[in-house]
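[1] dropping the sequence and predicted coords here.
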Amino acid sequence: QVRLVESGGGLVQPGGSLRLSCAASGPSFITSAMGWFRQVPGKEREFVALINWNGGSKIYKDSVKGRFTISRDNARNTVDLQMNSLLSEDTGVYYCACDSQNGFPRSDPGDYDYWGQGTQVTVSS
C-alpha cells in the first residue's frame, strides 16, 4: 500500500515557475517507478514526467523537455516536479502516481496502481 499526497499547485503567470511535491508513505515506494500525470477537462490523463526507482532514468513528454525536471529523494519518500517557463497549455490537474509493480517507468496511466488526489496548476495572465 502506498499513499500519495501532492502539494505546490496554484496560479502562475506565463513564463513563471512552480514546484510540485509528492509525499509518499509505504514500503513499496523506494522500489517503485513514479510519475507525474496531467489531466484537463475532456481529455485523457497523460504522462508529463516519469522516473525510475533510483532516479537514474527519467522520461519527459516532448512538450515539457527542457522546462520540467522530475526528481526523487528515497530517504525522504518524496518526488518533485520543478516546472519552469510555464505555458498556458501546461494548465491542468497534476497527479502523482506510483507503479508499485515495476521499478522502471511506463507511460500508460493504467500501469500505475496508486494515485494522489491531484493538485491544480493554472497558467494564466
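    Everything's here; your move. Residues are numbered from 1 along each chain as shown.
[2] tell me who's in contact with Pro109.
    37, 44-47, 97 (Cβ atoms under 8 Å, 6 or more residues apart in numbering). Every residue, glycine included, has its C-beta placed from N, CA and C.
[3] identify the bridge partners of Gly10.
    Val121 (DSSP bridges).
[4] neighbours of it, how many?
    12 (other Cβ atoms under 10 Å).
[5] gap between it and Met83?
    Taking Cβ to Cβ, to the nearest Å as the measure, Gly10 falls 11 Å from Met83.
[6] which neighbours do these two have in common?
    With Cβ under 8 Å, 6+ apart as the test, Gly10 and Met83 both reach 18, 121.
[7] and the contacts of Pro109, which two are the farthest apart?
    Glu44 and Ala97 (14.0 Å; Cβ to Cβ).
[8] these two: which has the busier surroundings?
    For Glu44 versus Ala97, the count of surrounding residues by other Cβ under 10 Å is larger for Ala97: 24 against 8.
[9] got the confidence number for the residue nearest to that one when sequence neighbours are not counted?
    Spatial nearest neighbour of Ala97, chain neighbours left out: Tyr112 (3.8 Å); criterion: Cβ to Cβ, 6 or more residues apart in numbering. For Tyr112, the pLDDT comes out at 96.
[10] what's the burial count for Tyr112?
    So Tyr112, with other Cβ under 10 Å, has 26 neighbours.
[11] what sits against it?
    35, 37, 97-99, 106.
[12] repeat that for 7 Å
    Counting by Cβ atoms under 7 Å, 6 or more residues apart in numbering, Tyr112 makes contact with 35, 97-99.
[13] what residues are bridge-paired with the residue nearest the centre of the chain?
    The C-alpha lying nearest the average C-alpha coordinate of the chain belongs to Trp36 (Cα atoms, centre = their mean; 1.9 Å). Beta-bridge pairing for Trp36 (DSSP bridges): Ala49, Cys96.
[14] is it true that it touches Tyr94?
    Yes. Contact criterion Cβ atoms under 7 Å: Trp36 and Tyr94 qualify, at 5.9 Å.
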